[in-house]
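> Provide a 3D model corresponding to the input given below.
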Amino acid sequence: MLHTDFRPPDFNAFVGNSSLKSSLRAILKRKPKDRPHTFMFYGPSGCGKTTVGRILGEAFGALPENIMEMNAANTNGINTVREIVQLSGTPPFGGEAKVFILDESHELRKQAQEAFLKDTEDVPDWCYFIFCTTNPESFIEPLYRRCSRYQVKILSSSELMELLLYVCNKKDLEVSTKVLKCISRRSDGRPRDALVKLDQVRELEEQAALELVDVAEGVSEDVWDLCNALAQAPSRRKKNWRDIMDVAESLDESPETIRQAVLREMMKKLHNTDSSEDAQDMLQIMEYFNIPFYGGRHQLLIAVGKSCFMSE
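Predicted structure coming up:
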């Protein structure tokens, strides 16, 4: 399976999330006694939280046998925590660290979370706890506060494309650029989903692959070109407004289909930015596309025009 075969071994091979990688690399430069020892990685499923935990564990000097990964959705009780606490009390045999990765850690029961409090307060230099979760709000406040928290974000379409091209090159897969673009746009920014889709179509002819991947019914590549054009910086949209309007006027899809595609792409970008200016820009565009375009194509063109000439 491609999504398990191509887990990146280090931060250099981990695509996207540049600010996260910079922060963790800075931590790795510190001496063990000066580092955080309890981490929380949060974000949507399939975006690489557990992979980041594994990379970090190896970078801390833990041997593979000393990186213990548990799925809290299956083992979420007090007995599991007691086992971890017992194991964490002895230094590693070989290597420099012991690392405990708890995937789906929001599934830990309250009593189990409380059992972690003592051990996460005074952690030995060679021990690290890593909680991976899609729902950080489910943690009890004392445990939440003791974690160094980092968001793992979904990837842009271009970043997913970079990943897919890398995997195709490594596996000598002959998959057309058109199919790869379709996969990158239909994977909601999640590298795991993109690699699963690539696995499904790797031996198919182009048309069959497109039909399998393209679940966004009736949406052409031109629609996604419009979405990408609207996701540009305001100054670039204003400069290229005529080309953007030409694309909008040439689309064959219904205005309502186009509207929903634009909203989806803007929401993805909104969830993947640290910039308050970019966030405000996406929210403004979403407001223009918020009302259904049942009145006709002129509503679409008005929304596109407003998006091109809105204030920077």
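
> could you report the neighbour count for the closest residue to residue 309 other than its chain neighbours?
Using CB to CB, 6 or more residues apart in numbering and skipping the chain neighbours, the partner closest in space to residue 309 is residue 238 (6.1 Å). C-beta here means a position set from N, CA and C on the backbone, and glycine is covered the same way. When neighbours are defined as other CB atoms under 10 Å, residue 238 has 16 of them.

> make sure residue 238 is indeed in a helix.
Yes. Residue 238 forms part of a helix when assessed by DSSP: H, G, I helix; E, B strand; the rest coil.

> distance of it relative to residue 248?
Distance from residue 238 to residue 248, counting by CB to CB, to the nearest Å: 15 Å.

> let me know whether residue 21 touches residue 11 as I believe.
Yes. If you go by CB atoms under 8 Å, residue 21 and residue 11 touch, sitting 4.7 Å apart.

> what strand or helix carries the spatially most central residue of the chain?
The residue lying closest to the centre of the chain (CA atoms, centre = their mean) is residue 154, at 2.3 Å. Remark: residue 154 resides in no helix or strand, with elements defined by DSSP states H and E.

> for residue 130, same thing?
strand 127-133.

> which residues touch that strand?
37-42, 49-50, 53, 56-57, 60, 62, 88, 97-106, 116, 119-120, 123, 139, 147 (CB atoms under 8 Å, 6 or more residues apart in numbering).

> what comes up buried for it?
Neighbour counts over strand 127-133 (16 or more other CB atoms under 10 Å) mark 127, 128, 129, 130, 131, 132, 133 as buried.

> hey, what's the last one bridged with?
Using DSSP bridges, the beta-bridge partners of residue 133 come out as residue 42.

> cool, and the third one?
Taking DSSP bridges, one finds residue 38, residue 100 as the beta-bridge partners of residue 129.

> got a pLDDT number for it?
If you check residue 129, the pLDDT there is 97.

> without its sequence neighbours, what residue ends up closest to residue 262?
residue 289 (5.0 Å).

> is residue 304 within a helix or a strand, and which one?
Taking DSSP H and E as the definition, one finds residue 304 inside helix 297-309.

> can you pull out the helices in the stretch 151-300 of the chain?
Assigned by DSSP state H, counting those that start in this stretch, the helices in the stretch 151-300 of the chain fall at 157-171, 177-186, 191-201, 206-213, 221-230, 234-239, 241-250, 255-270, 276-288, 297-309.

> who wins for proximity to residue 110 among those helices?
Proximity to residue 110 (CB to CB) singles out helix 191-201 among these, at 29.4 Å.

> which neighbouring elements make contact with that closest one?
helix 2-5, helix 157-171, helix 177-186, helix 206-213 (3 or more CB pairs under 8 Å, 6 or more residues apart in numbering; DSSP states H and E).

> dump the residue contacts of the residue nearest to residue 262.
Contacts for residue 289 (CB under 8 Å, 6+ apart) come out as 259, 262, 263, 266, 303.

> where does the stretch 51-200 of the chain have low pLDDT?
76 (pLDDT under 70).

> dump the residue contacts of residue 170.
Residue 170 neighbours (CB under 8 Å, 6+ apart): residue 6.
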